[in-house]
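Chemist: I would like the atomic coordinates for the input below:
(chains A, B, C and D)
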There are 4 protein chains.
Amino acid sequence: MKVGLIGIGNMGAGMAGNLIKAGHTVTVYNRTRSKAEPLAAQGAIIADTPAEASGGNAVITMLANDDAAEHVIFGKDGVISGLAKGALHISSSTISVAFSRRLAAAHAEAGQRYIAAPVLGRPEAAAAAKLFIIAAGDADALETATPVLGAIGQRTFVVSDKPEAANLVKLSANFLIANVIESLGEALALVTKGGVDKNYYIELLTSTLFAAPVYKTYGNLVASGQFEPAGFAAPLGLKDMRLALAAGEELRVPLPIVSLLRDRYLALLAQGGEKLDWSAIGALAAKDAGER
Amino acid sequence: MKVGLIGIGNMGAGMAGNLIKAGHTVTVYNRTRSKAEPLAAQGAIIADTPAEASGGNAVITMLANDDAAEHVIFGKDGVISGLAKGALHISSSTISVAFSRRLAAAHAEAGQRYIAAPVLGRPEAAAAAKLFIIAAGDADALETATPVLGAIGQRTFVVSDKPEAANLVKLSANFLIANVIESLGEALALVTKGGVDKNYYIELLTSTLFAAPVYKTYGNLVASGQFEPAGFAAPLGLKDMRLALAAGEELRVPLPIVSLLRDRYLALLAQGGEKLDWSAIGALAAKDAGER
Amino acid sequence: MKVGLIGIGNMGAGMAGNLIKAGHTVTVYNRTRSKAEPLAAQGAIIADTPAEASGGNAVITMLANDDAAEHVIFGKDGVISGLAKGALHISSSTISVAFSRRLAAAHAEAGQRYIAAPVLGRPEAAAAAKLFIIAAGDADALETATPVLGAIGQRTFVVSDKPEAANLVKLSANFLIANVIESLGEALALVTKGGVDKNYYIELLTSTLFAAPVYKTYGNLVASGQFEPAGFAAPLGLKDMRLALAAGEELRVPLPIVSLLRDRYLALLAQGGEKLDWSAIGALAAKDAGER
Amino acid sequence: MKVGLIGIGNMGAGMAGNLIKAGHTVTVYNRTRSKAEPLAAQGAIIADTPAEASGGNAVITMLANDDAAEHVIFGKDGVISGLAKGALHISSSTISVAFSRRLAAAHAEAGQRYIAAPVLGRPEAAAAAKLFIIAAGDADALETATPVLGAIGQRTFVVSDKPEAANLVKLSANFLIANVIESLGEALALVTKGGVDKNYYIELLTSTLFAAPVYKTYGNLVASGQFEPAGFAAPLGLKDMRLALAAGEELRVPLPIVSLLRDRYLALLAQGGEKLDWSAIGALAAKDAGER
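Modeler: Residues are numbered from 1 along each chain as shown, chains lettered A, B, ... in the order given. As a prediction, this is how the structure comes out:
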């Protein structure tokens, strides 16, 4: 297939490489062109505009937030203007539920197809084609997407025929991860003040009831206090908590844990954490407890 | 070894059976004697008082809370009065950090030995000798306990030479589990109002980043809404959150997630949930969201 | 002065009457024209468009939220298009800080003047010209507004030369009021379960340390459980908490009390409280405590 | 009347002086005798034991917490042993609901009478006989207490015939005050980051809807950042939040605001605030927001 990929960051670079390996003809676009250029050596075509990257059968967008997606999709020479009738937009960005709904309407009006397909996994998983994909949309659009999604992920979960449901599930997964970070931060603050070794404690948890990747990855990050460089930056954590709360507000679901997490991210950023990994909220409980 | 076991509830019954299977001479005591009697058929001696069950090399207590433990240990014909000098008390109850410290002092004064060894695992794990044991105390006391602990669990983690540190770790593990329940409750309330299937959602989580026993067990409980009969009853959940907060207060560690969980258990009990499993707090987010 | 007033709801009607009494020539506009018509008998001119109501020296907008204000101000035949160069827009709506900043920029670009002047007080205070006014903007614009503000309020507080600071202060006042409601709700839930009479308790508080109008008004509302008809409706309470949190997010200030209040409003609306007064969150603590 | 007063701290000293002025024969006791001695010059008798101070018609206890009260009342030469049959114990300490219930039972068993009569007001109000008294107990015991309570306070509120209800109401009043402090701390953190002057903001609030003594006193304390010397020390704030939560737990009433306040006091103490006034939690929101 002829596939475009817009947004060549930590995640997008790995995804593009895997699309090429799978035999697709891949055109990439990035606002800062220099970030996309290394992909040329792997066989990618470098586009000058989002529209140009949208000239094939399908285009994936992998962008930081609603504003970036708005610009790339609805702006001059954007995805909407470049995509042919019947061609497919696969939105993998972690965007708001409301914006995903708006995309569905805009593509329908333009005679184009649209699915949401955000992913679970950090950059290493993207590079290894080991992402989990949360997909939603019309059955035939999902079928068209199958060879594309198969090239970048290890498994696709179809959660609904309404695209925005996939964004909702993705936001919920992100707050569940942030919740793991915060709860481990509190537990570590407590047991270390009681004289227990941090690393042994994490080993105990992850060898028993909490033997899940997310506890291992984030338990080690919080125990080590190594929050730079950021795999997923703290401002994105704040954004995702805000989007989860906005979705909850629209659906009339209070989410007290997410409110607490949002306040943690805000405190982290207020105290100079803009460049840190989002797992750095895991250090705030110890700070509140008077530890440095 | 000659081993006593005091407290024959959901957990204690399985533990006693495994001690017998391992070849120990086992004397059991339970306040309501009838609950202990089935163990006689397996070879256990039924004691009339806690002191009588404490006449061997070691005695395990597995009781519901500080009050029950206080009665059995310090009361008339209690453990303190029955245990020989140099004999060992293994406290497996989920008691407060302060009470565990007091036990350590009382046994030292009486020339007896003491370790704390609370366990992770539900009744099925106790029956299968698959408990995880969190142990703390003097090295030689821990060594004496090894054949006993080996008979009831699959692995022992030694977290400190101060017994109460094991109780602290156990309480932290329990609030981490309650946190998993609450966070899944909020996530399910959100995504189901957005049209996603509950069971498929839990499968998605537990097939990907959250592939841990605790997410599987409690995810299925919350998704099914089956909270009876209680494996671990809601009032015990409230008690454990209270004890974790008390430990945090003593160590000067604010635990905002635990404060929130305590309020959830209180709401659950106020609304008639005394008999439910502690996972029933996972239904409160949906209730707040106006679902029945 | 020739003054326009846009938005004839519970608050606007009283304000318009007082402007007329003070001798101003008053033109009013309301989307649902019939609500404005009773004012004709008092001497008001009824305008057909916002622009028409903006033809004098100054125009006040008193609208429910950002969306309504956006429509009336930036829409076809809106305030921007109707206001003469040098004429003054006085925004009394409780709008977001960000939207107020945008208004300041838009009016400056159009050569018009702008102040924010939200008010404190319920409809009875508006009718009695007893509002408190929180004003911010350029000194000369504030001077121009003096005879207008003097006609509707008992005292004007000038908090900054940046208009949006007045909106920030207004939002903070609203969350402080909501906080009073919630805290009284919790206190009443507690003491009434302990056998103390509700009304006597409110008398005790408001005769001693809490002798402020806000405790009297809301204490009696919560104790009586009379939440209809709404003086200020619950959805507006949710909106104001959201705007306060958005302002806090922009300024990097975590506001945990406001997060909690937002969740309360969301629960109230989810459980059918759309038509209730915003003081109805004061009944939720008792509900959580199992009272009907 | 012959009246004893036990506990000569910031509050007790003023109360003793006013009892003497009202013509009562006053015997005082304080653990650190030197603190009581200045009262001898005003005409007080200095007792050597609590029992000795309990030898008259009535004895007031004004102590820091349950432990101090336990020692003074149930200890050797304590109140119980010194009080004659039919004589009255007036407990003005802010103690737990459970301990007050236990006192009622102990005095009944000893043939003595008991009321709870905690007070509202800071040391200046105690010195000026301007305290508000929250009283509960049997009608005839309350009548006996009238000339005593009248000498120290400006008004007595009788909330129940069960003594412990007065303690419950007192605890609720204290958490309402702490809530005012916290909410003002959040509001000030927000508006000052938005460029508004702190003192003018407090003037605005306390001239309008929040014109209550508690907002004036604590608004000025928080705005000034002057938290030493402590009028009411931070550890007492933590204690009162803990007692309010314990009362809520017993009555099955979740109190989310109080949970949040407890965590604030814990953070304050963990960060070195042991000697500060309890209003110092009002500075934590600004600290979380990255202000010094």
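Chemist: quick one: whichever residue of the stretch 101-250 of chain A sits closest to chain D from chain B, how far?
Modeler: Of all residues in the stretch 101-250 of chain A, A:Lys193 sits closest to chain D, at 9.2 Å by Cβ to the nearest Cβ. Using the backbone N, CA and C atoms, a C-beta is placed for each residue, glycine as well. Note on A:Lys193: its distance to chain B, by Cβ to the nearest Cβ, to the nearest Å, is 4 Å.
Chemist: Neighbours of the residue lying closest to that residue once chain neighbours are set aside, how many?
Modeler: Among residues not flanking A:Lys193 along the chain, B:Leu251 sits closest, at 4.4 Å (Cβ to Cβ, 6 or more residues apart in numbering or on different chains). Using other Cβ atoms under 10 Å in any protein chain shown, B:Leu251 is surrounded by 20 other residues.
Chemist: repeat for A:Ala69
Modeler: For A:Ala69, using other Cβ under 10 Å, the count is 25.
Chemist: Same question for stretch A:211-226: list its buried residues.
Modeler: A:Ala212, A:Pro213, A:Val214, A:Tyr215, A:Lys216, A:Thr217, A:Tyr218, A:Gly219, A:Asn220, A:Leu221, A:Val222, A:Ala223 (16 or more other Cβ atoms under 10 Å in any protein chain shown).
Chemist: Check which helices and strands the helix or strand harbouring the fourth one sits against.
Modeler: Remark: A:Tyr215 resides in helix A:213-224, with elements defined by DSSP states H and E. Judged by 3 or more Cβ pairs under 8 Å, 6 or more residues apart in numbering or on different chains; DSSP states H and E, the packing partners of helix A:213-224 are helix A:163-193, helix A:198-207.
Chemist: which of those helices sits most buried?
Modeler: Stretch with highest mean neighbour count among the helices and strands packed on helix A:213-224: helix A:163-193 (a mean of 26; mean count of other Cβ atoms under 10 Å in any protein chain shown).
Chemist: Distance from the chain centre to that one, please.
Modeler: Helix A:163-193 sits 14 Å away from the centroid of its parent chain (Cα atoms, centre = their mean, to the nearest Å).
Chemist: Have a look at chain A and report its longest strand.
Modeler: As assigned by DSSP state E, the longest strand anywhere in chain A is strand A:153-160.
Chemist: average pLDDT for it?
Modeler: Per-residue pLDDT values over strand A:153-160 give a mean of 98.
Chemist: Stretch A:54-64 too?
Modeler: Average pLDDT, stretch A:54-64: 97.
Chemist: got the contact list for that stretch?
Modeler: Outside stretch A:54-64, the residues that touch it by Cβ atoms under 8 Å, 6 or more residues apart in numbering or on different chains are A:1-7, A:9, A:11-12, A:15, A:25, A:27, A:53, A:69, A:72-73, A:79, A:82-84, A:87-93, A:95, A:117, A:144-145, A:148, A:236.
Chemist: And the buried ones among the residues you listed, selectable in PyMOL?
Modeler: In PyMOL syntax, the buried subset of the contacts of stretch A:54-64 is picked out as below (16+ other Cβ under 10 Å):
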select buried, chain A and resi 1+3+4+5+6+7+9+11+12+15+27+53+69+72+73+79+82+83+87+88+89+90+91+92+93+95+117+144+145+148+236
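Chemist: I'd like the domain boundaries of chain A, if you could list them.
Modeler: As recorded under automatic domain parsing, the domains making up chain A are A:2-161, A:168-288.
Chemist: Return the nearest residue of the stretch 101-250 of chain A with respect to chain C.
Modeler: Taking Cβ to the nearest Cβ, the stretch 101-250 of chain A has A:Glu249 as its residue nearest chain C, at 6.2 Å.
Chemist: Looks like A:Thr27 contacts A:Ala51 (just checking).
Modeler: No: assessed by Cβ atoms under 8 Å, A:Thr27 is found out of contact with A:Ala51, at 10.8 Å.
Chemist: Distance check, A:Lys85 against A:Val158.
Modeler: For A:Lys85, the distance to A:Val158 (Cβ to Cβ, to the nearest Å) stands at 24 Å.
Chemist: in chain A, which segments are predicted with low confidence?
Modeler: Chain A contains residues with pLDDT under 70 at A:292.
Chemist: Centre-most residue in it?
Modeler: A:Thr94 (4.8 Å; Cα atoms, centre = their mean).
Chemist: Show the contacting residues for A:Asn179.
Modeler: A:Ile257, A:Leu261, B:Asn179, B:Ser183.
Chemist: from those, which two are the most distant?
Modeler: Using Cβ to Cβ, the contacts of A:Asn179 reach their maximum pairwise distance at A:Leu261 and B:Asn179, which is 11.8 Å.
Chemist: now the longest strand of chain A, how far from the centre of its chain.
Modeler: 14 Å.
Chemist: Please apply the same query to stretch A:56-68.
Modeler: Here the centre of stretch A:56-68 is set off from its chain's centre by 12 Å, with Cα atoms, centre = their mean.
Chemist: Quick check: end-to-end length of it?
Modeler: For stretch A:56-68, the first and last residues are 22 Å from each other (Cα to Cα, to the nearest Å).
Chemist: I'm curious whether stretch A:281-292, anywhere along its length, sits up against chain C.
Modeler: No: figure legend: stretch A:281-292 not in contact with chain C (Cβ under 8 Å from any Cβ of the partner chain); closest approach 10.3 Å.
Chemist: Show me which residues of chain A are close to chain C?
Modeler: Residues of chain A lying near chain C (Cβ under 8 Å from any Cβ): A:238, A:242, A:248-249, A:252-256, A:259-260, A:262-264, A:266-267, A:269-270.
Chemist: would you list every one of the strands in chain A?
Modeler: For chain A, the strands defined by DSSP E cover A:2-6, A:25-29, A:45-46, A:58-61, A:88-91, A:113-116, A:119-120, A:131-136, A:153-160.
Chemist: Reformat these as TSV; add distance to D:Ala47.
Modeler: Formatted as TSV, those follow (distance: least, Cβ to Cβ, whole Å):
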stretch	distance to D:Ala47
strand A:2-6	85
strand A:25-29	88
strand A:45-46	92
strand A:58-61	82
strand A:88-91	80
strand A:113-116	78
strand A:119-120	72
strand A:131-136	75
strand A:153-160	75
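Chemist: residues touching whichever residue of the stretch 1-150 of chain A sits closest to chain D, list them.
Modeler: Closest approach of the stretch 1-150 of chain A to chain D (Cβ to the nearest Cβ) occurs at A:Asn65, with a separation of 22.8 Å. A:Asn65 makes contact with A:Ser93, A:Thr94, A:Ile95, A:Leu236, A:Lys239, according to Cβ under 8 Å, 6+ apart.
Chemist: and with 10 Å instead?
Modeler: When contacts are counted by Cβ atoms under 10 Å, 6 or more residues apart in numbering or on different chains, A:Asn65 touches A:Ser93, A:Thr94, A:Ile95, A:Ser96, A:Phe99, A:Pro235, A:Leu236, A:Lys239, A:Asp240, A:Leu243.
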